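> Have a look at this prediction, sequence included:
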Amino acid sequence: MKFLPITYAEVQERGWSEVDVVLVTADAYVDHPSFGHAVIARLMEHHGFKVAILPQPNWRDDLRDFKKFGKPKHFFAISSGMDSMVNHYTAAKRLRSNDAYTPGGSTGFRPDYASYVYAKILKDLFPDTPIISGGLESSLRRFTHYDYWQDSLKPSILAEAPIDLLVYGMGEKPLKEIIRLLQRGVPFSSLTTIPQTAYLADLESIKPHKKWEDLILLSHEQCASSKQKQLQNFKKIERETNKMFPMRLIQGVQDKAVVVNPPYPPLSSEELDETYEYPYMRTPHPKYKKRGDIPAYEMIKHSINIHRGCFGGCSFCAINAHQGKFVVSRSSKSVLKELEQVTQLPSFTGTITDLGGPSANTYKMQGFDLNLCAKCTRPSCLFPEICKNLNTNHQDLLELYEQVQKHPKVKHLFIGSGVRYDILLQNTLDQDILKSHKAYTKALIQNHVSGRLKVAPEHTSDAILKLIRKPSFSLFYQFKTLFEKESAAVNKNQQIIPYFISSLPGSTEKEMAQLALETKSLGFKLEQVQDFTPTPMNMATEMFYAEMNEQGKPLFVAKTPLEKKNQRRFFFWYLPENKAWIKRSLEKLKLVDIANSLLQKNTPPIHNHHKKKTRRNPPQ
Ligand code: SF4
């Protein structure tokens, strides 16, 4: 086993006179299945392609890096890694001081809008070589979208960057098909009917497809002419994205059209297992040794990803738009095989830091009747209430935890992914499911918390929670009670850490003050907080842009840097520098009672509406 070549000398060492594909990535090369570029490169290698990797090329100077492998036989592939703008800037649009995907956490190794920049350079240098782009940055910019960083509505990336084919979502299946067709000699320009890909076409060249229905979206220009239209258009896109069998979506832009083919159906477990079978080195490339650790790798090196996809449908999150709404889970055999590899790492001292995915406890969950799911258009299987067709049994996950704990080298199994506690508090008549919820809650809290359990209520206001499709804050009260009870039963002094987001669409200073007071009364001094960052392809971003709710009704949105900063200040009511400002602001809002309670030394516990409004019962 060895790393894939990253220099021309390494290409020559392998006896290759040319490579089939050069994969350009904005992240450092980490040969590990948690890193998209490694998965894609290893997949192409497995299917017979000669692949070279160009990680974090120098785009500023002489462009030598881009030329070092020469012209690949088939195509250039671009994988942006994480979104370059989120990587570079905070929600306040300030430059970040570190990059978790670069050795030493150093900054300056990727351009803003990396996929656009790489594509333009490559097309200038190699005009005849096709470019395929995938990864979050391209995938989530496949339609007209609001760009927070430029505060403008931008067309699909396909209209602005010379990308010949865009692969959206998780790229394994479309790439396998691309490889298969190219190996059969199909010209690249004919690759227009591969599911889960998108391309820019002349209007007259778009032919009906015998299996796919078409949905013509509003054009980019129509969306740009009215915020209401953009909102309505996105609602259609979201509805299709959450279907098991969406239509082909076509969006005009100038005199052309972006054609987004429907996705492949969700992977089977066996297909997902294959992704973890490739011969990864499981470490960063040794060339980075002297430049320091790669923080993102350090964070995941002793953890295992067990599933992908999310049916939560939170309106501020784009996981479902990228990974899909339907959860796909690995077999326990595949997970245990990877566990063996992790335990053999020299750095492993007995602690698995996470066994998770987009949510910790949605492993193997899907509809009882998949025929119903195939017709379903709900964005969330959990909101406004948990779908009766969703099988939320935790038994498979519990058994997996037990198997992992049985490994002789595993001393601790911790869960680092966020837990959907609303599922654990589900009110259902199914006794097996109730039993599994109770057993999971107990096992999680008693055995798998590394001192602090992170959960994400996101806000305390039920009105805001409804806008973002999250359950009532009353459930947090219930779960906190369970957490304390189960922790006390095993004599563990551990904490529950709630995550909150400021400046969510609809959230005013009044709601932030109430959030501060409610969490203070629960005994929290918040540290883990976020400021809402609008990113492409989610409903909350569309609400932020349009200043409307999903139904098109006007909505307050904290937009300016000052409004956003002020919302954040309420989280930190306990800092001396914020106290006078909070007092003044709340006096202006005629909320003197809240100001007094928030700023006085001891705040009595709130016996509030949340405790009375309980909708779901905790496990008995
Ligand atoms: S039918 Fe229920 S479980 Fe299936 S996709 Fe729809 S909401 Fe989810």
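That came through fine.
> Up against the ligand, what does this protein have?
311, 367, 372-373, 376, 378, 381, 387, 389-390 (CB under 6 Å from any ligand atom). Backbone N, C-alpha and C define where each C-beta goes, glycine included.
> and the residues you listed, which two are the farthest apart?
Between any two of the residues of the chain next to the ligand, the greatest separation by CB to CB is 13.2 Å, found for F311 and L372.
> Quick check: can you list the domain ranges of the chain?
Taking automatic domain parsing as the reference, the chain has its domains at 8-205+213-260, 302-448, 451-620.
> Show the average pLDDT along stretch 306-313.
Stretch 306-313 shows a mean pLDDT of 97.
> about what we covered before: higher neighbour count, F311 and L372?
F311 (28 against 12; other CB atoms under 10 Å).
> The more buried one: what's it in contact with?
Taking CB atoms under 8 Å, 6 or more residues apart in numbering as the criterion, F311 is in contact with 320, 325-327, 362, 365, 380-382, 390.
> Look at T90 and say how many residues are nearby.
As a measure of burial, T90 has 12 neighbours, counting by other CB under 10 Å.
> Same question for S152.
S152 - counted by other CB under 10 Å - has 10 other residues nearby.
> hey, where'd the strands end up in the stretch 51-200 of the chain?
In the stretch 51-200 of the chain, strands defined by DSSP state E, counting those that start in this stretch lie at 51-55, 75-79, 131-134, 145-147, 152-154, 165-167, 197-202, listed in chain order.
> what's the spacing between the last one and its chain's center?
I take that to be strand 197-202. Here strand 197-202 is found 25 Å from its chain centre; the criterion is CA atoms, centre = their mean, to the nearest Å.
> one step back: sitting in strands, which of the contacts of F311 do you find?
Judged by DSSP state E, those include L390 as members of strands.
> In JSON lines: the contacts of F311, plus pLDDT and neighbour count.
Compiled in JSON lines, those are given as follows (pLDDT from 0 to 100; neighbours: other CB atoms under 10 Å):
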{"residue": "N320", "pLDDT": "90", "neighbour count": "23"}
{"residue": "K325", "pLDDT": "95", "neighbour count": "23"}
{"residue": "F326", "pLDDT": "96", "neighbour count": "21"}
{"residue": "V327", "pLDDT": "97", "neighbour count": "21"}
{"residue": "T362", "pLDDT": "98", "neighbour count": "28"}
{"residue": "M365", "pLDDT": "98", "neighbour count": "23"}
{"residue": "S380", "pLDDT": "97", "neighbour count": "20"}
{"residue": "C381", "pLDDT": "97", "neighbour count": "26"}
{"residue": "L382", "pLDDT": "97", "neighbour count": "24"}
{"residue": "L390", "pLDDT": "98", "neighbour count": "20"}
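> Redo the contacts of F311 as a markdown table? Include distance to E458.
Shown next, in a markdown table, are these (distance: CB to CB, whole Å):
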| residue | distance to E458 |
| --- | --- |
| N320 | 16 |
| K325 | 19 |
| F326 | 23 |
| V327 | 21 |
| T362 | 17 |
| M365 | 21 |
| S380 | 14 |
| C381 | 18 |
| L382 | 13 |
| L390 | 21 |
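> Isn't G104 up against Y297?
No - assessed by CB atoms under 8 Å, G104 is found out of contact with Y297, at 12.0 Å.
> for this structure, which spans come out with low pLDDT?
Within the chain, the set of residues satisfying pLDDT under 70 comprises 602-620.
> Quick check: the residue sitting nearest the centre point of it vs the ligand, distance?
In the chain, the residue lying closest to the centroid (CA atoms, centre = their mean) is I319, at 4.1 Å. Separation of I319 from the ligand (CB to the nearest ligand atom, to the nearest Å): 15 Å.
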